[in-house]
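> quick check, what structure comes out for this input:
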Amino acid sequence: MDDLPDRIHFPGNPWPEGHALTEFAWTARVVDGVVWCDLHLRSAAYCAERDIELDEDGDEDYDSSWEAPGAWGNYHRCTLSSTFWDDDRGFAVCPVDMFTPAWLDGRTFEVDTIAGGTLADVELDDLAFHIYLLGHDSVANHCITFQRIGDSDRFDIAWSGDIALTYTGDDNLDHRFEARIANVPFPTLPS
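Below is the predicted model of the structure:
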């Protein structure tokens, strides 16, 4: 992955340079005295920065839909979110009295860790995040790191995880995403 911020990469897809983000939100809420964080991102159209010419006959030979530009073009762009489809997802962070920029600085959270590399025995509605990628697919094994910028209330966020193309019936977490988001304000807790 390159060092450009505000991008999401899907290693092995037709755009190794990744895709710019058009939306990103980091919000927080309190549930029973515990801070829960939510993340929401949306990419630009997959072909926004570089269109890939398709064979007129559509007979390009790809090993999988993951590698086929036409498959990606059918779904336009990615939405990866704990809030877009409903509002009871996200992940627990800490007790409310600990939630400060200094406490969060440099912390990494592992969310929806799935052993064995498959979602076959997982209730997909219980996952913290949902993804629209090549259809309504699934994500797990998130690694989310918050790095404070100096002594400010702003953070750089590195977020990665594994993807299963469940829209086509594949429960295996065979693919990855990697996102970098820069200069994001520390969320204000609701009063």
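
> could you use CA atoms for every contact and neighbour count after this?
Will do.

> any idea which helix is longest in the chain?
Ranked by number of residues, the top helix in the chain under DSSP state H is helix 69-75.

> show me the shaky parts of the protein.
By pLDDT under 70, the weakly predicted segments of the chain are 1-4, 55-60.

> relative to Phe129, how far out is the residue most central in space within the chain?
When C-alpha atoms, centre = their mean is applied to the chain, the residue found nearest the centroid is Leu80 (4.7 Å). Noted for Leu80: a distance of 7 Å to Phe129, by C-alpha to C-alpha, to the nearest Å.

> ditto for Trp72
20 Å.

> flag every buried residue along the longest helix of the chain.
Using 16 or more other C-alpha atoms under 10 Å as the test for burial, helix 69-75 gives 69-70, 72.

> could you export that helix as PDB, CA atoms only?
Extracted in PDB, the C-alpha atoms of helix 69-75 (Å, rounded to 0.1, in the frame of the first residue of the first chain):
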ATOM      1  CA  PRO A  69     -12.500  -4.900 -13.900                       C
ATOM      2  CA  GLY A  70     -15.900  -5.600 -15.300                       C
ATOM      3  CA  ALA A  71     -17.100  -7.200 -12.100                       C
ATOM      4  CA  TRP A  72     -15.900  -4.200 -10.100                       C
ATOM      5  CA  GLY A  73     -17.600  -1.900 -12.500                       C
ATOM      6  CA  ASN A  74     -20.900  -3.600 -11.900                       C
ATOM      7  CA  TYR A  75     -20.900  -2.500  -8.300                       C
END
